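Q: build me a model:
(one chain, ligands or ions: 1)
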Amino acid sequence: MTDIPSAPEIDPGDFRHVLGHFPTGVTVVTTDGEPGAGRPAGVTIGSFTSISLDPPLVGFYIGSGAGTRDAVEAAGHFCVNILADDQQDLSNRMASKADDKFEGIGYELSETGSPILPDVLGIIDCRIHEVIEAGDHDLIIGRVLNLSVRREARPLLFFKGQYGSFSG
Ligand SMILES: Cc1cc2nc3c(=O)[nH]c(=O)nc-3n(C[C@H](O)[C@H](O)[C@H](O)COP(=O)(O)O)c2cc1C
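A: This next block holds a predicted model:
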């Protein structure tokens, strides 16, 4: 049997560099804002993934210190918005620390009451199934309640720290 070294130190720069070679799609996860704040919460997420077909589960990893992480857990539900390749500005806005990320964005509400952003490729509306701690991130698993494709367009991709499009 091969000897597997026990948890060696990994340089964070190396970690980011190598993991950056794995391309992802780009989503924005939305949910209710703080009660009384009058605005919802949303965050750009590349770690979104499909998990299980039966039951239908999806999930994403979010930094345990991210403001939207607590908002999602408090609301108990969230909506995953899949971005198109002409939505880089929206991705940057939702990844920013802007006071009101939704200012000037005309969203509608999903069945769970989470924002559906304009012109997204599709939405996956969920209630929280489980939250699992994983190092400095948490895995939030959602039970899919409803989902739909809303537009036929190319997806926004993220690779080596840059946005791109799908050319297949
Ligand atoms: C393309 C892209 C993908 C991202 N994916 C993730 C992710 O999967 N998980 C995460 O915690 N942050 C991710 N981020 C960073 C968050 O969007 C960013 O930290 C945001 O400021 C957190 O906002 P909040 O503190 O208001 O919740 C991503 C950012 C970009 C631009």
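
Q: and Leu147, which helix or strand is it part of?
A: Applying DSSP states H and E as the criterion places Leu147 in strand 137-149.

Q: elements contacting that strand?
A: strand 57-63, helix 67-75, strand 77-82, strand 122-134 (3 or more Cβ pairs under 8 Å, 6 or more residues apart in numbering; DSSP states H and E). To be clear about C-beta, it is placed using only N, CA and C from the backbone, and glycine gets the same treatment.

Q: could you redo the last one with a cut-off of 6 Å?
A: Counting contacts by 3 or more Cβ pairs under 6 Å, 6 or more residues apart in numbering; DSSP states H and E, strand 137-149 packs against strand 57-63, strand 122-134.

Q: what's the closest of the ones you listed to the ligand?
A: Ranking those by their distance to the ligand (criterion: Cβ to the nearest ligand atom) puts strand 57-63 first, at 3.9 Å.

Q: okay, buried residues for the helix or strand of the chain with the lowest mean pLDDT please.
A: Across the helices and strands of the chain, the lowest-confidence element by mean pLDDT, DSSP states H and E is helix 67-75, at a mean of 94. Buried residues in helix 67-75, counted by 16 or more other Cβ atoms under 10 Å: 68-69, 71-72, 75.

Q: biggest separation within these, which pair?
A: Arg69 and Ala75 (11.2 Å; Cβ to Cβ).
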